[in-house]
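In: this is the structure alone, sequence omitted:
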C-alpha cells in the first residue's frame, strides 16, 4: 500500500528534501504507509527515512524536522488518505434507514471506520475490521476506541444488526481489552430486545473488562415516522425508561464500590422520559460520553448557574427568544428564570419546536430542520433576537439537515439569529452580551 502526495508546502521539511506533488509515499522508516493512522504514528521521529515513488521509480530521501511535533509539509487529497469505510450492517434501529428520500447524499452515508473512532470519536461496530486492522490497533496501542456494542449476547447482536458476523466481531473488543486499550462503549437500547435481563448481562460483561472499558452509556432508540418496511419497534415510555435508569444506576453503584468509578450511565433522555431529576455534575465524573447526551443537561445547568453566580447583577433591558427541541426546552426555561432573578431586565420567550419533519417522537435539537423552525416561528414575537442551539447546524455551520441556510432562516423570522453551543458559560454570555 502507499498514498499519493497531492501537494507540498513551500519551505517545509518535505519541500527541502525534494518531495513533489504527485509523488507516492510508500514507507516511513521502512514502515508501510496506507492511511492517516500509519502516517501520524510513524512521522513523529525527528529524522525520517522516506521511500518515495515518482513515475514508477522508487528512491529514498531523509526528511529532517525541528522536533517530533513539526509537520512534514506533505498534503494529501483526503484527511484519511484513503476512502472512508462504510457500515456493512442493517441494524434494526439505524437512524439513516429511517430518513426520507431527497436529502443531500452525505446524510445517507453510514460510516463505520476505526480511524474516525480514534481521530474524531466516532463509534464503530467492529464488523468492518480486518485482522490486519485489529493487529495494527493493538500494535500501535491506539486509545481510546469507541465501540457500538448494543449487546454482548452474540446471537442477539447478529439479529439486531442483521449481520451474521456481528457476534463474532465482539472478539476484537475482548482482544483490545486484553491489550490494555481504553474502550468507550455505547448501547442503543430497543424495548423488548436488549433491555431488561439482556441489559444486565451486557453491563456485567462490559464491567468485567474494567479498566480497559472506561465508560458504558445507554441511549434510547430514535424512531422517526419513516419506518415503513422496517422492524417493528416501540419507543421508551415513562415506565420502561424508569427500568433502564434503575438498572444502570444499580450497576453504577456496584461498579463505584468495586472500582471507584460509576462506569455506566443512562443518557439524559432516559431521565427525562422517566420524568426523573437529572443528577448533579459530580455523578458523571469525567463526562466521557457527553457527546452522546450523557450528562449534557447537568454540565450545561451547573456551568450556567456558576457563571450566573459570579456575575454582577444589573437592570439592563435584554430582549430575546430561545427556540429548541422539546427535550431541552424545560432546561432552558429553568435557566432563564434563574437568570431573570438576578437580571430583572431580561425579557424572553421560550419556543419549543416540534419535529414535524422526522416525527414528534424525535425530541433532540440536533435533528431539528430549518423548515420546522421557520414554520413554527414565523410571525411570532421573537423580541428582537433569536437564540438557537448550535447543534441544529452541521459541523461546517452552513446548513440545516434539510439544506435550509442560516441566512434563509434569519430572513424568514425577521430578527438576528445566534447559534449557541451546549456550554453553560457560553449560553450565559450569549444572553448577557445582548
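Out: Good, I have the coordinates. Predicted model only: the values in this text are computed from it and were never measured.
In: look up which residues are beta-bridged to residue 186.
Out: residue 148, residue 217 (DSSP bridges).
In: wait, it touches residue 291, no?
Out: No - in this structure, residue 186 is not within contact of residue 291 by CB atoms under 8 Å, at 10.3 Å. Glycine gets a C-beta too; all of them are placed from N, C-alpha and C.
In: ends of stretch 49-58, how far apart?
Out: 13 Å (CA to CA, to the nearest Å).
In: for stretch 179-187, same thing?
Out: Start-to-end, stretch 179-187 (CA to CA) is 22 Å.
In: just how off-centre is it within its chain?
Out: 15 Å (CA atoms, centre = their mean, to the nearest Å).
In: what pLDDT, on average, does that stretch get?
Out: Per-residue pLDDT over stretch 179-187 has a mean of 97.
In: so which bits of that stretch are buried?
Out: Using 16 or more other CB atoms under 10 Å as the test for burial, stretch 179-187 gives 181-187.
In: any chance of JSON lines for these, columns distance to residue 201?
Out: Below are the buried residues of stretch 179-187 laid out as JSON lines (distance: CB to CB, whole Å):
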{"residue": "181", "distance to residue 201": "23"}
{"residue": "182", "distance to residue 201": "23"}
{"residue": "183", "distance to residue 201": "18"}
{"residue": "184", "distance to residue 201": "20"}
{"residue": "185", "distance to residue 201": "14"}
{"residue": "186", "distance to residue 201": "16"}
{"residue": "187", "distance to residue 201": "11"}
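In: what's the closest of those residues to residue 257?
Out: Ranked by distance to residue 257 (CB to CB), these are led by residue 185 at 20.3 Å.
In: that closest one contacts residue 212, correct?
Out: No - using CB under 8 Å, residue 185 is not in contact with residue 212; the gap is 10.2 Å.
In: tally of neighbours for the nearest residue to residue 71 once chain neighbours are set aside?
Out: Closest residue to residue 71 apart from its sequence neighbours, by CB to CB, 6 or more residues apart in numbering: residue 12 at 7.1 Å. Look at residue 12: counted by other CB atoms under 10 Å, it has 18 neighbours.
In: swap in residue 386?
Out: Residues lying near residue 386 (other CB under 10 Å) number 24.
In: now do residue 122
Out: 15.
In: cool, residue 334 as well?
Out: 15.
In: quick check: it touching residue 302?
Out: No - in this structure residue 334 lies outside contact range of residue 302 using CB under 8 Å: 12.0 Å.
In: farthest residue from the center of the chain?
Out: residue 57 (43.1 Å; CA atoms, centre = their mean).
In: dihedrals phi and psi, it?
Out: Residue 57 adopts backbone torsions of phi -100, psi 130, taken as degrees, to the nearest 10.
In: so what sits opposite it in the bridge?
Out: residue 54.
In: low-scoring pLDDT stretches of this protein, where are they?
Out: Scanning the chain for pLDDT under 70 picks out the ranges 1, 113, 118, 396.
In: quick one: the helices in it?
Out: For the chain, helices defined by DSSP state H occupy the ranges 13-16, 36-42, 114-120, 131-140, 154-161, 170-178, 196-207, 238-259, 268-273, 296-310, 329-342, 370-377, 406-413, 424-432.
In: got a list of contacts for the last one?
Out: With CB atoms under 8 Å, 6 or more residues apart in numbering as the contact definition, helix 424-432 has outside contacts at 299-308, 311, 318, 320, 335-336, 339, 343, 346, 348, 387, 418, 420-421.
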